[in-house]
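1. Okay, sequence plus prediction incoming.
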Amino acid sequence: MSEIVIDNVGKVFGEGGGRPFLAIDGVDLRVEDREVISVVGPSGCGKTTLMRMVAGLEHPTSGEVRVGGKRVTGPGPDRAVVFQQFALFPWKTVRENITFGMRSRGATKAERDAAVAHYLTLMKMEGTEDKYPHQLSGGMQQRVAIARSYATDPGVLLMDEPFGALDAQTRTIMQEELVRLTNDNPRTVMFITHSVEEAVYLADRVVVMARNPGRIREIIDVATTRKAEKWSEEPIDDVMEMPSFTHLRGQVWRLLREQMGSDI
Amino acid sequence: MAEATTGRRPGVRFMSRSRLTGLLTVATVIALWFLLTSVTGLVGEFRFPSPPDFLAAFARLASTGYAGGTLLEQALQSLRLVAIGFAAAIAVGVPLGFVMGYDRRAEAFFNPIFLVLRPIPPLAWIPLAIVWLGLGDASKVLVIFVAAFVPSVINTYTGVRNVQRTLIEAALVHGAGQGRLIREVYLPDAAPMIFTGLRLSLQASWTTLVAAELVGAFLGMGRVLSTAYRDINTAMILVSMVCIAVLGAITMMILARVERSVIRWRKT
Ligand SMILES: Nc1ncnc2c1ncn2[C@@H]1O[C@H](COP(=O)(O)OP(=O)(O)O)[C@@H](O)[C@H]1O
Ligand SMILES: [Mg+2]
């Protein structure tokens, strides 16, 4: 079981020296096992910080994060992260990058080869397995980073604006692949994005955050509507034109716009 | 693993432009050298040898020998000491630098020692080394060790300190343990800096060896140089200088080859 429990978590940066800065204040959130949530909010509201605390890369100043009932004290392969800046290993080939996490859990050579072939075909990157990251475009690098985390097959997948650098077409392919993956092999997903469409399309619930200090503004349920309207049986473009979809999208939009106003 | 042979293939230009320029420069210098010495006699032979004198001195060193040995014996002696001193220095220096960069406590412990030792010029160790160990091989190896040790430690340390945080995090969230973290993230990311350290160490090895041999030695290229100086044999002085330069260049080229085969992922 890989449910995420964020229990009254606060995060203050720069407590040691300098001026302390309250980045996250009293966040309570429970992500059920195999649930997909997306997180949206104005830039600087603490989305990345929140995700890093779940990953174990940052420690809460108050409260605690539990994954599968265990308190998070550091990173682990049960929670793979797709970083916003790719973070591919420059000295590893595409193949070696994709299989990095698989090797941690002792996947056989045959399994690794199969995974490399699967993801490269899926991402239309056949023939690149022996290339180094610097020989790839930004979009291709991001796809490899995504494949690395998918292939690790973690209970929890944490993704920080993972489709940001992709062109529209690849983006759609990766979104559909994420839906397919989470259907075939369900896992808990926390997905940060600045695209409201993407947030509503992918998630069971959309978490809308606010800033100064970073906190949860509202949580919007999508799963009920998705099931009722059978979104998963339609292509992505058609879903995005359904009234049930545009209604939810409008709801998230209003919550975000309300905050833009409070900026001034 | 040997890389694919880079032999000349049809369609590849015989000589690159920069190579050609380099050859032209060398040819010009030699022509000028002839002109100033043999042809016009503007520079007297006691100040600078003519090309024929140079070749004669070289032939003498190579065949009958000079200052106690032939060129081969003298060169091998120097090469051997550089190899031993350099190898010992990096065998201790690179791991030490790594530990200092990797572990805060090791850093806190060793850094003060370096702050004291670093400002001492390596050549300043020569008298002490000779007093301790005499004029034989041991004192030279010690001096090379001291000189080559510092750059390999400092650069490895810097390289490891500056390993990219996001790559360490990427390895951790994909399940890498300490061993894989060191082998697959720290070492490759620090490798360019480590090799910079090795290059500086190798250079320092030659500098200090020649200096130590000049001060006192039974055999070696520095001994050839100091003997030629006492004999006021400018041709032989030049021959030994050129030989030292060539030996140094050969060892640097070997190191560069090793670096290229280790760091294969780099751009260009
Ligand atoms: N390591 C850090 N030290 C100090 N401040 C930080 C650090 N990381 C993030 N912050 C601050 O915390 C706030 C939230 O950052 P972040 O989580 O990256 O926001 P988001 O991902 O929503 O754009 C920002 O104001 C940012 O400047
Ligand atoms: Mg962010």
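-> Sure thing, it's come through. Ligands and ions are numbered 1, 2, ... in the order given.

2. Spell out which parts of chain B neighbour ligand 1.
-> Nowhere does chain B come near ligand 1, counting by C-beta under 6 Å from any ligand atom. Any C-beta I mention is one placed from the backbone N, CA and C, and that applies to glycine too.

3. For A:Val94, give its distance to chain B.
-> To chain B, A:Val94 is 12 Å away according to C-beta to the nearest C-beta, to the nearest Å.

4. which ones are touching that residue?
-> Shown in contact with A:Val94 (C-beta atoms under 8 Å, 6 or more residues apart in numbering or on different chains): A:Val116, A:Leu120, A:Met125, A:Thr128, A:Glu129, A:Asp130, A:Lys131, A:Tyr132, A:Pro133, A:Leu136, A:Val144.

5. Of those residues, which is the nearest to chain B?
-> A:Tyr132 (4.8 Å; C-beta to the nearest C-beta).

6. Buried residues of the helix or strand encompassing B:Leu128, list them for me.
-> Assignment of secondary structure by DSSP states H and E places B:Leu128 within helix B:126-133. Using 16 or more other C-beta atoms under 10 Å in any protein chain shown as the test for burial, helix B:126-133 gives B:Ile126, B:Ala129, B:Ile130.

7. try stretch B:255-267
-> Buried residues in stretch B:255-267, counted by 16+ other C-beta under 10 Å: B:Leu255, B:Glu259, B:Trp265.

8. got it, and stretch B:238-258?
-> So stretch B:238-258, judged by 16+ other C-beta under 10 Å, has buried residues B:Leu238, B:Val239, B:Ser240, B:Cys243, B:Ile244, B:Leu247, B:Gly248, B:Thr251, B:Leu255.

9. I'd like the contacts of A:Val94 laid out as CSV, including distance to B:Thr207, pLDDT and secondary structure.
-> Below are the contacts of A:Val94 laid out as CSV (distance: C-beta to C-beta, whole Å; pLDDT from 0 to 100; DSSP: H, G, I helix; E, B strand; the rest coil):
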residue, distance to B:Thr207, pLDDT, secondary structure
A:Val116, 49, 97, helix
A:Leu120, 51, 94, helix
A:Met125, 50, 91, coil
A:Thr128, 46, 96, coil
A:Glu129, 46, 95, coil
A:Asp130, 42, 96, coil
A:Lys131, 42, 96, coil
A:Tyr132, 36, 96, coil
A:Pro133, 39, 95, helix
A:Leu136, 43, 94, coil
A:Val144, 45, 94, helix
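
10. Name the member of those that has the highest neighbour count.
-> Using other C-beta atoms under 10 Å in any protein chain shown as the neighbour test, the contacts of A:Val94 are led by A:Val144, with 24 neighbours.

11. and that one, what does it touch?
-> Counted by C-beta under 8 Å, 6+ apart, A:Val144 has contacts A:Phe86, A:Leu88, A:Val94, A:Asn97, A:Ile98, A:Met125, A:Pro133, A:Leu136.

12. What is the neighbour count of the closest residue to chain B within the stretch 101-250 of chain A?
-> Among all residues of the stretch 101-250 of chain A, A:Ser104 sits closest to chain B, at 2.8 Å; criterion: C-beta to the nearest C-beta. Applying other C-beta under 10 Å, we find 18 residues neighbouring A:Ser104.

13. Quickly list the domain ranges of chain A.
-> Domain assignment of chain A by automatic domain parsing yields the ranges A:1-78+A:173-264, A:84-153.

14. what does the stretch 151-264 of chain A put close to ligand 1?
-> A:Gly214.

15. returning to that earlier point: using a markdown table, lay out the buried residues of helix B:126-133 together with distance to chain A.
-> Formatted as a markdown table, the buried residues of helix B:126-133 follow (distance: C-beta to the nearest C-beta, whole Å):
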| residue | distance to chain A |
| --- | --- |
| B:Ile126 | 40 |
| B:Ala129 | 40 |
| B:Ile130 | 44 |
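
16. for the host helix or strand of A:Asn183, what is the average pLDDT?
-> Using DSSP H and E, A:Asn183 falls within helix A:168-184. Per-residue pLDDT over helix A:168-184 has a mean of 81.

17. What are the contacting residues of it?
-> Contact with helix A:168-184 is made by A:34, A:36, A:122-124, A:139, A:143, A:146, A:150, A:162-163, A:166, A:187, A:189, A:191, A:198, A:201-202, A:232, A:236-237, as judged by C-beta under 8 Å, 6+ apart.

18. Of those residues, which belong to strands?
-> A:Val36, A:Val189, A:Phe191 (DSSP state E).

19. Settle this for me: the first one is touching A:Ala203, isn't it.
-> Yes: in this structure, A:Val36 is within contact of A:Ala203 by C-beta atoms under 8 Å, at 5.1 Å.

20. Noted, bye for now.
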